[in-house]
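K.L.:
what follows is a predicted structure for the sequence shown.
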Amino acid sequence: MNPIPGVGLDLLDIGRLERALDRRPGLAARLFDHSEIEACAKRARPSRHLAARFCAKEAVIKALGLQWATMTDIIVCGGGSQPPSLRLKGRTAKICEEAGVELKLSLTHERNMAAAVVVASR
């Protein structure tokens with residue numbers, strides 16, 4: 001399956017993710033790579049940064065037109081003083097590489113909301 005390059009956007013109420021992570025202790029490990037969890041744990045409000053990363057993963061799926069994805073195969077790097085970027089692995093990486101798709105990412109968050117935009121291009 002070749003992904004069709006496009007644009008993906010996702011928006012999330014940060015409190016919703018906080019409640020989900022509180023209810024399900026193993027959820028973070030199913031959604032985020034250990035490097036993402038570690039990077040966000042260093043922040044004042046880790047869930048704000050995790051929410052933005054979750055939005056990025058959803059935006060990747062939408063930009064590529066995928067009906068599936070393993071969330072831990074989509075890794076958000078950077079943030080803070082470094083521009084955010086994406087590192088893919090597994091099946092998602094293979095599909096993008098074979099199709100020659102490049103992904104650009106923008107993240108934002110404020111008090112209650114987090115969002116991400118991903119542009120996929122060839």
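P.N.:
On my side now, so go ahead.
K.L.:
going by C-alpha atoms from here, please, whenever you check contacts or count neighbours.
P.N.:
Fine.
K.L.:
stretch 78-93 spans what distance, first to last residue?
P.N.:
Here the two ends of stretch 78-93 are set 18 Å apart, with distance taken as Cα to Cα, to the nearest Å.
K.L.:
how about residues contacting that stretch?
P.N.:
Ala69, Thr70, Asp73, Ile74, Ile75, Val76, Cys77, Leu103, Lys104, Leu105, Ser106, Leu107 (Cα atoms under 8 Å, 6 or more residues apart in numbering).
K.L.:
run the chain-centre distance for that stretch.
P.N.:
Centroid separation for stretch 78-93 versus its chain: 8 Å, with Cα atoms, centre = their mean, to the nearest Å.
K.L.:
cool, and stretch 95-108?
P.N.:
Relative to the centre of its chain, stretch 95-108 is centred 12 Å away, using Cα atoms, centre = their mean.
K.L.:
so what touches it?
P.N.:
1-3, 5, 52-53, 56, 60, 84-86, 114-122.
K.L.:
quick check: phi and psi at Gly90.
P.N.:
Dihedral angles of Gly90 (phi, psi; degrees, to the nearest 10) stand at phi 60, psi -150.
K.L.:
ok, it - how many residues close by?
P.N.:
12 (other Cα atoms under 10 Å).
K.L.:
okay, it: pLDDT?
P.N.:
In the predicted model, Gly90 carries a pLDDT score of 94.
K.L.:
relative to Ile75, how far out is it?
P.N.:
Taking Cα to Cα, one finds Gly90 at 11 Å from Ile75.
K.L.:
coming back round to it: of the contacts of stretch 78-93, keep whichever come out buried.
P.N.:
Asp73, Ile74, Ile75, Val76, Leu103, Leu105, Ser106, Leu107 (16 or more other Cα atoms under 10 Å).
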